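> Quick one, what's the 3D model for this:
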Amino acid sequence: MPDNATDMEFNADELEAPSWLNSQFIQKVLSDFEESPELVVTDLKITPASAQGDHYASVMFRTTVDYSTSKGRFSKPLIIKTMPEQEGHKKDMLAESHLFETEIGMYCQVLPEFERILLEAGDKTKLYVPCLYHSLEPRQVMIFEDLVPLGYSVIRDRPVTEEEIKRVFSKLAKWHAVSMKVIYERPDFLKEFKYGLFDMPTIQTDPFITTGMGNFIEMLDKLPELRKYKPHFEKIKDTYLQRLEVEMQEFHKYRRNDNYYVLCHGDFHLRNMMFKHNKKTGAFEDAMLVDFQISNLCPITVDLTYSIYMLMESEQRQNMGRDLINYYLTELVATLKSIGYKGSMPTQAGLWQQIHQNKYYDFFLISTFLPLILAVKSNSFKINDMIQNPEARRKTYFLDTYVKDVTKLLPKFEKLGYFKGL
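Residues are numbered from 1 along each chain as shown. Down below sits the predicted model:
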């Protein structure tokens, strides 16, 4: 639910609302939600809800609805999320996915229950924004109250601060902790959440995914200081996606007694978070996670490793996010104790062993997603171009910020033994 701004470039498929998104539709939604059959929409303004680079797996609109009921006249800001209707890559990629079923389940069943469990332990943490309306037929739609008028915004034009990043790790830790308790005590409650990134129907044949390692190897070959790492990645280029799928499916197919499993967010990056600061003092007040479309049961490392590449700043990434992930672990263990978790407590040694064990996720993220997110942060590339245009995608591998990161990260991989036994 990102915020609006006059100077941002919008996604092309969000410039014009579909014909069904009109006053009659919104009037029905609000009259049902407020249980006011006499409700009448008097004015409706619809604009794009997000900037280029904020998201790809949906179409989002922001509306301001003026309406009247027997109690008076009101105005309500809403966010409307739906599936792509324009023909093209985005629609093809998402058409047969479980994204909306997953997100509806998260908003309407899982996150309310997670908050209830926390509140029972005296923790009033808010994990989500309530969903006012959802449907899968005749079209996939979700409607939320807009967070922007409440003071929340997406960080686009500056690095995230340590205080801000710690807050989102704290919320993730609490979410993960409750999920561990539920998995231990009531595993059937979460059994439907099995569709992660690599369960999307077209993901492993999409050129954006399949060309990542080749582009990465090409970059290593062209930079003399990195060429020595090329043979390691050439060894795995034809099989690493299959090895990665094994890592991602571990909970469902290859579960181990010595690993930790959670219901993960699945897309834990900066544009899927909104931050609130005091309007008068500028003091940081809260962070809210959004976009739960690929939340799924998987190794705890999925969100944590993803955060190293997709959330953290370069300087935080250089020690593989150790300080922030150790902070997360402290919050995780404290929450597990407070909610009465009866399973084995995660340890720092066990967590880092699991993170380093799942190295193929590192290989995927550094070769395919890191150039994308750094290009988005640079504001010099459009996300649609990077995903759909091979030449635009190739250029991202030679961004100074990316090359500097890779130059620092690959020696870390070597020191950790990631290249042994490939």
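
> Tell me where the stretch 201-350 of the chain has helices.
Per DSSP state H, counting those that start in this stretch, the stretch 201-350 of the chain carries helices over the ranges 207-210, 212-222, 230-236, 240-248, 250-253, 301-310, 314-317, 322-338, 348-357.

> Counting neighbours, which bits of the third one end up buried?
So that's helix 230-236. 230, 232-233, 236 (16 or more other CB atoms under 10 Å). To be clear about C-beta, it is placed using only N, CA and C from the backbone, and glycine gets the same treatment.

> Could you export the helices of the stretch 201-350 of the chain as TSV, including distance to residue 133 and mean pLDDT?
Putting the helices of the stretch 201-350 of the chain into TSV (distance: least, CB to CB, whole Å; pLDDT from 0 to 100) gives the following:
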stretch	distance to residue 133	mean pLDDT
helix 207-210	32	90
helix 212-222	37	97
helix 230-236	45	97
helix 240-248	32	92
helix 250-253	31	94
helix 301-310	28	97
helix 314-317	38	92
helix 322-338	31	97
helix 348-357	39	96
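
> Can you show me the strands along this protein?
40-48, 59-69, 72-82, 131-135, 141-145, 152-153, 261-264, 273-277, 284-289, 296-299 (DSSP state E).

> So for residue 244, which of the ones you listed sits nearest?
If you check each of these against residue 244 by CB to CB, strand 296-299 wins as the nearest, at 11.7 Å.

> Residue 209 touches residue 203, doesn't it?
Yes. In this structure residue 209 lies within contact range of residue 203 using CB atoms under 8 Å: 5.8 Å.

> okay, and the common contacts of those two?
Residues touching both residue 209 and residue 203 (CB atoms under 8 Å, 6 or more residues apart in numbering): there are none.

> Number of residues surrounding the residue lying closest to residue 348 once chain neighbours are set aside?
Closest residue to residue 348 apart from its sequence neighbours, by CB to CB, 6 or more residues apart in numbering: residue 329 at 6.0 Å. A total of 20 residues lie near residue 329 under the criterion other CB atoms under 10 Å.

> and what of residue 227?
The number of residues packed near residue 227 is 11, by other CB under 10 Å.

> contacting residues around it?
220-221.

> show me the residues around the residue lying farthest from the centre of the chain that make contact.
In the chain, residue 70 marks the outermost C-alpha relative to the chain mean, sitting 40.7 Å out by CA atoms, centre = their mean. Residues near residue 70 by CB under 8 Å, 6+ apart: 36, 38.

> Next, give phi and psi for it.
Dihedral angles of residue 70 (phi, psi; degrees, to the nearest 10) stand at phi -70, psi -10.

> what's the spacing between it and residue 35?
12 Å (CB to CB, to the nearest Å).

> which residues touch residue 312?
Residue 312 makes contacts with 165, 321, 324, as judged by CB under 8 Å, 6+ apart.

> go on, residue 106?
Going by CB under 8 Å, 6+ apart, residue 106 touches 128, 193, 292, 295.

> Of these, which is the nearest to residue 281?
residue 128 (26.4 Å).

> Go ahead and confirm that closest one touches residue 113.
No. The pair residue 128 / residue 113 is not scored as a contact, 11.1 Å apart, by CB under 8 Å.

> Between those two, which is the more surrounded one?
Neighbours per residue (other CB under 10 Å) separate residue 128 from residue 113, with residue 128 holding more: 20 against 14.

> Would you list the phi and psi of the more buried one?
phi -160, psi 170.

> Just the pLDDT for it.
Note on residue 128: pLDDT of 95.

> Next up, the contacts around it.
By CB under 8 Å, 6+ apart, the contact set of residue 128 is 106-107, 111-112, 115, 288-290, 292.

> Kindly give a single ChimeraX line that selects the buried subset of those residues.
Buried residues among those (16+ other CB under 10 Å), as a ChimeraX selection:
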select :106,107,111,115,288,289,290,292
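
> follow-up on the earlier one: what's the separation between the residue farthest from the centre of the chain and residue 40?
From residue 70 over to residue 40 (counting by CB to CB), the distance is 10 Å.

> And for residue 249?
Counting by CB to CB - residue 249 and residue 40 are separated by 50 Å.

> what about those two, which has more around it?
Legend: neighbour count by other CB under 10 Å for residue 249 and residue 40, higher for residue 249 (18 against 14).

> Look up how far residue 197 lies from that one.
11 Å.

> swap in residue 106?
Taking CB to CB, one finds residue 106 at 15 Å from residue 197.

> What are the neighbouring residues in contact with residue 314?
Counted by CB under 8 Å, 6+ apart, residue 314 has contacts 401, 404-405, 408.
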